[in-house]
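Colleague: Provided below are the primary sequence and the corresponding predicted coordinates.
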Number of protein chains: 2
Amino acid sequence: MPVTMRDVAERAGVSIKTVSNVLNGYSYLRPATRERVEVAIAELGYRINMSARHLRKGRTGMIGLALPELAHPYFAEFADLMIVEAEKVGFRVLIERTGATRDGALTSLDSSQRRITDGLMFFPLGLDPDDGELLAVDYPLVLLGERIFGAPVDHVTMANVEAARAATVHLAEQGCRRIVALGARLDEGMGSPTLRLEGYREGLASAGLAFDPALVVEVDPWTRQTGADGIARLLDSGVDFDGVFAMNDSMAFGVLHELHTRKIAVPEDVAVIGFDDVDDAGFHEPPLSSIAPGRVQIAREAVRMLVERIDGDTQPPRLAIADFELRARESSRRPQPALSKVDAAG
Amino acid sequence: MPVTMRDVAERAGVSIKTVSNVLNGYSYLRPATRERVEVAIAELGYRINMSARHLRKGRTGMIGLALPELAHPYFAEFADLMIVEAEKVGFRVLIERTGATRDGALTSLDSSQRRITDGLMFFPLGLDPDDGELLAVDYPLVLLGERIFGAPVDHVTMANVEAARAATVHLAEQGCRRIVALGARLDEGMGSPTLRLEGYREGLASAGLAFDPALVVEVDPWTRQTGADGIARLLDSGVDFDGVFAMNDSMAFGVLHELHTRKIAVPEDVAVIGFDDVDDAGFHEPPLSSIAPGRVQIAREAVRMLVERIDGDTQPPRLAIADFELRARESSRRPQPALSKVDAAG
DNA sequence: ATGAAAGCGCTAACAA
DNA sequence: TTGTTAGCGCTTTCAT
């Protein structure tokens, strides 16, 4: 039989309310009373029952974070930041694993509705661009990442187009003339593949390079293996290229791996840049250039926005766009513009 | 005002109890009644209040997973598996980030005591070997990883000594004669550093190699950067070596990075093997050999044990030891035993 | 097969 | 400064 507040109150010779006051840091308590209660708590080994408190307060002090999977470093690193940021403002994070599937996403949206959490931060991978109405939920919700829906919700994202553009321009500056866009998904609405492809095209244009559809490689999902496969396909098809803009780091790692296997030198034959700047990027061979989204900024902003909503803020939906930074490392840094082009036969 | 069961009951013209029965899949319900209740639920958009259910049932359906941080791929991949396994048996996982600190560990142990979770799976990094008594908690607890405490709790681990021994023997078989043990911590009790060092010594012995304290490098914590620094120190000190057994993959990645920077060829000059076999291991250059602990097995077993305890199992503490597998990749695979030794001056 | 009523442990009015 | 009381929304006997 677990110890309850009533037991503590009895032991300390006070009322339940007083115990509650002590637990909640209520100010107007006679020190002696507080002392007695604290002693009783310690002696009895009392622990508050959170479920009861949650029921009574109508809040759980937890916020959900729906993401595809923790095995993906980008999301794992994000989750870590979210936990830290949430803790600072007194919340805990409950991770909802969607598996990047529609079902998983729907389940997350629904489970938050069950008030197991006070609100949800949501990477909507697995939903379609026209699933906006699903996001018209009756609890605090902050959308993360890039997809744009019609839904009237707070949104924290980064400058995808500008960042992709910067990555592309960077490769061009290194002397690349035929730059691959790896990870495009031609069918999509306004997700990050689309936005990053848009930035890629802008980058080409501003560098005076022609857009060649043959250099646009569709990859789904964005993993190490699919990245490696994608670039392998391209090499096998005989298309010439001397630079790769991978739309995330995982694919870029796959690219480095495949190029290495085929004895294609990076950055000499092919320069590579990724996107996300996961912790591991600098420790690959060669160290991977990447786009660092303002992850801390995104995490902090998302938590802040969500907590504001939880606290009753009812202003119109907001949009926050984090800064990014291009981290040029060895994988894309050439002493001077190279002239060589790889023969794609592998 | 949120919709409650009472509202649903009224709307459906039944009692609260009947609504509850429908929600809990109670069998003896007239189909027509169930139907009416379900319609009412849908029309009202009713969602069950989990806090109330938790309070009433004395359970939350959540289990805690205390780990150092999600930014560490090993733990992130583990957490992912735990979430999947727990879901299979109807539990959710609440991640507790300890930061590998003592304070963090204590907080996790304590917060579980507050019955926010029904039990805890615990990577006790940050605690001392003699902190066993802290683990004598009054809720279901499963210890993960390698440290051995006197505490009477369930424990799921792997064959650290045997695995480290296998890794060392493997390097010896590839022709290594001077093998570094990276990550040792001489001061510790029975944590994984100690066990893996023990295995390393056994491996040397069985390969007929002498133990040389100069080849034992202390590193703490086990990260990419500290791994790189550790091997850099060794190189700078002028100690000769031709193989590295890194006690986790992160350090091994740091080693690959540092060796690459210094133009030391892997595996020709120095063969390298890691430990954990994180997803990224096969995608580094060269692909990293590693020890794969039976992660799925560990996750499944831990969840199973914990849930049994939550369900009231009171048998004596158990110990489960998962299988491991050595994954030999390019970083340690030599065509034939090499004779070269690296000059450590770097 | 369904209803009535008690109470899980806590916090928030309201009193005193 | 502290006590009394009334629920928060649900599940669970115990009836019927």
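Modeller: Good, I have the coordinates.

Colleague: how many other residues sit next to the residue lying closest to residue A:228 once chain neighbours are set aside?
Modeller: Of all residues not flanking residue A:228 in the chain, residue A:254 sits nearest, at 3.4 Å (Cβ to Cβ, 6 or more residues apart in numbering or on different chains). In short, each C-beta sits where N, CA and C put it, glycine included. For residue A:254, the neighbour count with other Cβ atoms under 10 Å in any protein chain shown is 25.

Colleague: residue A:210 too?
Modeller: By other Cβ under 10 Å, neighbour count at residue A:210 equals 9.

Colleague: would you agree it is in contact with residue A:204?
Modeller: Yes. Using Cβ atoms under 8 Å, residue A:210 is in contact with residue A:204, at 7.1 Å.

Colleague: quick one on the thing from earlier: looks to me like the residue nearest to residue A:228 is in a helix.
Modeller: Yes. Counting by DSSP: H, G, I helix; E, B strand; the rest coil, residue A:254 is found in a helix.

Colleague: contacting residues for it?
Modeller: A:223, A:224, A:225, A:226, A:227, A:228, A:229, A:230, A:231, B:283 (Cβ atoms under 8 Å, 6 or more residues apart in numbering or on different chains).

Colleague: please redo it, this time with the cut-off set to 7 Å
Modeller: Contact partners of residue A:254, counting by Cβ atoms under 7 Å, 6 or more residues apart in numbering or on different chains, are A:224, A:225, A:226, A:227, A:228, B:283.

Colleague: and those as a markdown table, adding neighbour count, secondary structure and pLDDT?
Modeller: Putting those into a markdown table (neighbours: other Cβ atoms under 10 Å in any protein chain shown; DSSP: H, G, I helix; E, B strand; the rest coil; pLDDT from 0 to 100) gives the following:
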| residue | neighbour count | secondary structure | pLDDT |
| --- | --- | --- | --- |
| A:224 | 22 | helix | 96 |
| A:225 | 18 | helix | 97 |
| A:226 | 18 | helix | 97 |
| A:227 | 31 | helix | 98 |
| A:228 | 22 | helix | 97 |
| B:283 | 23 | helix | 96 |
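
Colleague: so which of those residues reach DNA strand C?
Modeller: By Cβ under 7 Å from any atom of the strand, no member of the contacts of residue A:254 lies near DNA strand C.

Colleague: and the furthest pair within the residues you listed?
Modeller: A:226 and B:283 (12.1 Å; Cβ to Cβ).

Colleague: pull the helix or strand harbouring residue A:172 out as CSV, backbone CA atoms only.
Modeller: Secondary structure from DSSP states H and E places residue A:172 in helix A:160-173. Taking Å, rounded to 0.1, in the frame of the first residue of the first chain, the C-alpha atoms of helix A:160-173 are listed here in CSV:
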residue,chain,number,x,y,z
ASN,A,160,15.3,25.4,-46.9
VAL,A,161,15.5,27.2,-50.2
GLU,A,162,18.2,29.6,-49.2
ALA,A,163,20.2,26.8,-47.6
ALA,A,164,20.0,24.5,-50.6
ARG,A,165,20.9,27.4,-52.8
ALA,A,166,23.9,28.2,-50.7
ALA,A,167,25.1,24.6,-50.8
THR,A,168,24.8,24.5,-54.6
VAL,A,169,26.6,27.8,-55.0
HIS,A,170,29.3,26.5,-52.7
LEU,A,171,29.9,23.5,-54.9
ALA,A,172,29.9,25.7,-58.0
GLU,A,173,32.5,27.9,-56.4
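
Colleague: helix or strand next in line after it, which one?
Modeller: Next along the chain from helix A:160-173, counting by DSSP H and E, comes strand A:179-184.

Colleague: put the alpha carbons of that next one into CSV.
Modeller: Output in CSV follows, covering the C-alpha atoms of strand A:179-184 (Å, rounded to 0.1, in the frame of the first residue of the first chain):
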residue,chain,number,x,y,z
ILE,A,179,26.1,19.0,-59.7
VAL,A,180,23.8,16.2,-58.7
ALA,A,181,20.7,16.9,-56.6
LEU,A,182,20.2,13.8,-54.5
GLY,A,183,17.0,13.2,-52.8
ALA,A,184,14.5,15.0,-54.9
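
Colleague: what about stretch A:226-245, how long is it end to end?
Modeller: 15 Å (Cα to Cα, to the nearest Å).

Colleague: then stretch A:231-246?
Modeller: Span of stretch A:231-246 from end to end, Cα to Cα: 10 Å.

Colleague: list the contacts of that stretch.
Modeller: Applying Cβ under 7 Å, 6+ apart, the set of residues contacting stretch A:231-246 from outside is A:167-168, A:171, A:176-183, A:200, A:214-215, A:217, A:227, A:252, A:255, A:258, A:262, A:269-275, A:341-342, A:344-346.
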